[in-house]
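Chemist: Okay, sequence plus prediction incoming.
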Amino acid sequence: FESLFLGTTQEFYRLESLSYLSQNTATAYVEKAQVRIEEEKDRAKALGLASTTEEPLKSIVETELIERHARALVDMEHSGFASLLTDETKLQEMRCMFDLFARVPSSVDNLRDALAERIKADGRGLISDQERGSSDPPAFVRGVLKMRSRYNDVVAVAFRGEKRAQKRMRESFEDFLNADTRAASCLAVYVDELLRNGLRGCSEQEVNERLEKVILVFRYLSDKDVFEAFYKQHLAKRLLGNRSVSEEAERAMVSQLKAECGYQFTSKLEGMFNDMRISRDMRDSYKAHKRSEQDEGEADSSRVKPIDIEVDVLTNGYWPSQNVPPCTLPIPVQGAINKFSTFYLEKHTGRKLSWQSSAGSAEIRATFGSSPFRRHDLCVSTYQMCILVLFNDRNTMTLGQIRSATQIPDMELRRHLISLCTPKHKILKKGSKGKAIASDEDTFTYNPDYTSKFKRVRIPLVSLKETNPHKTSTAAAEASAESAGSSAVPASVEEDRRHLVEASIVRVMKARKALHHNDLIAEVSKQLSVRFVPSPQFIKKRIESLIEREYLERAKDDRRLYNYMA
C-alpha cells in the first residue's frame, strides 16, 4: 500500500502544482504550497503514519511543490523572486518565498543567485551612468551606498540574515566595484566632498556614521592603494588650501582607515597632519623673528614694507610628488622667500628646501578704474599672481611673452590665464574670440573696468576641459578608454606596487630560505591583500627581476623551487 500511496500523492501534487502555477502569481503559489505542506503534516499526524512513511511523504511533497518549480518561481515575470527584488516594498513576500525554499536547502541557491545577479546588474547600471557622464563621482558613491542599504535590508529581512546570502551580497558588490579603478577614485572624490563641506553642521555622532558608510564601500575595494593615492592628493589640497570642514573630521577619517588597514596604510597621511602642525609652529616662530627685525629697523623710514609670506614646510616622502619646475616669481616675493630660507636653514642644518610654486596661493591688492579708484583684494593662485604682477609695467602682453617672463608650464599657464578672463572675473581681456587660447600671439590686456560688489574676491580656476576643448576631449576619451580596463592604475601606484611586491618576496624568502613557486605567490598575495591583490603574473615578473639581480636563485634540480641568496 505504501508505494501506491506515495506514488499517487506524487502524481497529485505534480499535476496540481503545474496547473496552479500556470494560472497564478509566484507569491500566490508560495502561499498555496505552504498551506498544502501544513495540510499534509496535519493529515500524517491525524492518521498516525509511521515515521518510515511520513519522511518519504514529506520529501515527495517538498520535491513536487518546491524543488521542481524553484527556477520558475525565481524567474516568473512580474511576481518571481528576481522581479520582487526590484521592489523595495516586497520584503515580506520575499521572506515567505525564502521560508518555503529553506525546506529544500539546495533550492535556496536559486534565490542567492537571483540576489547576486540583481546587485551586479544595478552596479553595472551605476557604472554606465558614470561612463556616460550623467552622474558625477559623488553621485556614483551615493548610488552604491543606497544599493548597499537596500540589499542589506533584503538579506536581513527576506533571507533572515543568512550567512551565505551575506557572503553572496559582499562578493557581488566586490565584483562590479573592482572591474577597474573607477570606484576607488570616485570614493576618494566623495570623501573629499564630505570633508570640504558635506559634514558642515553635523554632530560628532553624525560625522562618524557617515564616515562608517564610506568604510563599508572601502571594504569592498581590492585596490585600496589606488584609493590611498587619490585620497592623498585630495587631502593635500584640503590641508594646503585650508578647505577642510574640521580637523577632527579629517582625523576621524584617518582613524577609520587605520582601524581597517593598520598603521602602515595611514603612516603617510598622519605624517601630512604632523607637517601641518610643525608648519604652524614654524610660522609663529618666523613672525616673531620678523617682528624683532622690524623693531630693530624702525628708524630706517625709507625701507619698503616687506611682503608677508606663510610657508608650509612639507616632508617630501609624505606628500604627493610634484615634479613641476618652479616658476619665475616677482622680485619682492623671491626676496621674501630667500629671507625665510636663510631663517629656516639656520635652524635646520643639512636640510634642503624645494619650493612648490604650483601649489601656493596669494592675496594681492589690485586697483581698477580712474578716480575714484576701486580697490579689491584678489585671492589667487601663485601662478595667477605671477601673471597679474606683469601687468604693473604694461597693459598688454602676448601668451609667448607671459610664458617667457614666468616660466609657467604651457597647459597650466593657459588654464590660469583663462581663469582671469571669465565673464564673472574679467580682470584681463583676451584678444581672440572663444574660450580657448589660439596661439602664442594671442594678446591679454589689463581691464580697468573690472568691478565686483565684494572687497575681497576669490578667483576660481577653470577645469582643464575649458583650457583647450579639442585637445581635452581627445584626452578625456583616451582616459575614459583607459579607465574602462582593469589595468588602469596610476603610474605612481604601479611603481609603488613593484617595490612592495619585491620587498614582500625578499621578506618571505629571507625567513623561509627556500620555497616553491605556488607557495611563494600565495604568501606574498596574503601579505599584500590589505593594500591590493597582485596578480600571479605580476608577482612572477618581480621574482624574475629579483633573480636577475641575484636576490634569489632557482634550485638546480627543481626549476619551481627558489632559494634565497644571502
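Modeler: The structure has been received and is ready for your questions. Residues are numbered from 1 along each chain as shown.

Chemist: Name every strand pairing with the helix or strand residue 563 falls within and say which way it goes.
Modeler: If you go by DSSP states H and E, residue 563 is part of strand 561-564. With DSSP bridges as the test, strand 561-564 is paired with strand 514-516 (antiparallel), strand 552-554 (antiparallel).

Chemist: residues making contact with the last one?
Modeler: The list of residues contacting strand 552-554 from outside it, by C-beta atoms under 8 Å, 6 or more residues apart in numbering, reads 505, 509, 543, 546-547, 561-565. Every C-beta, even on glycine, is put in place using the N, C-alpha and C of the backbone.

Chemist: which SS class is residue 161?
Modeler: With DSSP: H, G, I helix; E, B strand; the rest coil as the basis, residue 161 sits in coil.

Chemist: Contact partners for the residue found closest to it once you drop the neighbours it is linked to in the chain?
Modeler: Excluding the flanking residues, the one nearest residue 161 by C-beta to C-beta, 6 or more residues apart in numbering is residue 155, at 6.6 Å. Neighbour list for residue 155: 115, 161-162, 165-166, 169 [criterion: C-beta under 8 Å, 6+ apart].

Chemist: Could you give the separation of the strand holding residue 563 from the chain centroid?
Modeler: Put simply, strand 561-564 sits 38 Å off its chain's centre (C-alpha atoms, centre = their mean, to the nearest Å).

Chemist: Show me which residues of that strand are buried.
Modeler: Residues of strand 561-564 classed as buried: 561-562, 564 (neighbour count, 16 or more other C-beta atoms under 10 Å).

Chemist: Show the average pLDDT along the lengthiest helix in the chain.
Modeler: As assigned by DSSP state H, the longest helix anywhere in the chain is helix 263-296. Averaging pLDDT along helix 263-296 yields 90.

Chemist: hang on, residue 169 packs against residue 119?
Modeler: Yes: taking C-beta atoms under 8 Å as the definition, residue 169 is a contact partner of residue 119 at 6.5 Å.

Chemist: Could you report the neighbour count for residue 28?
Modeler: Number of residues near residue 28 (other C-beta atoms under 10 Å) recorded here: 13.

Chemist: Can I get the helix or strand harbouring it in CSV, CA atoms only?
Modeler: Using DSSP H and E, residue 28 maps to helix 26-47. Extracted C-alpha coordinates of helix 26-47, given in CSV (Å, rounded to 0.1, in the frame of the first residue of the first chain):
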residue,chain,number,x,y,z
ALA,A,26,4.5,33.2,-7.8
THR,A,27,3.5,34.8,-4.5
ALA,A,28,0.1,33.1,-4.6
TYR,A,29,1.7,29.8,-5.4
VAL,A,30,4.1,30.2,-2.4
GLU,A,31,1.1,30.7,-0.1
LYS,A,32,-0.7,27.7,-1.6
ALA,A,33,2.3,25.5,-1.3
GLN,A,34,2.8,26.5,2.4
VAL,A,35,-0.9,25.6,3.1
ARG,A,36,-0.5,22.2,1.3
ILE,A,37,2.6,21.3,3.2
GLU,A,38,0.9,22.1,6.5
GLU,A,39,-2.2,20.1,5.5
GLU,A,40,0.0,17.0,4.7
LYS,A,41,1.7,17.4,8.1
ASP,A,42,-1.6,17.6,10.0
ARG,A,43,-3.0,14.7,8.0
ALA,A,44,0.0,12.5,8.7
LYS,A,45,-0.4,13.3,12.4
ALA,A,46,-4.1,12.6,12.4
LEU,A,47,-3.7,9.3,10.6
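
Chemist: related to what we said a few turns ago, between residue 169 and residue 119, what contacts are shared?
Modeler: Contact with both residue 169 and residue 119 is made by residues residue 151, according to C-beta under 8 Å, 6+ apart.
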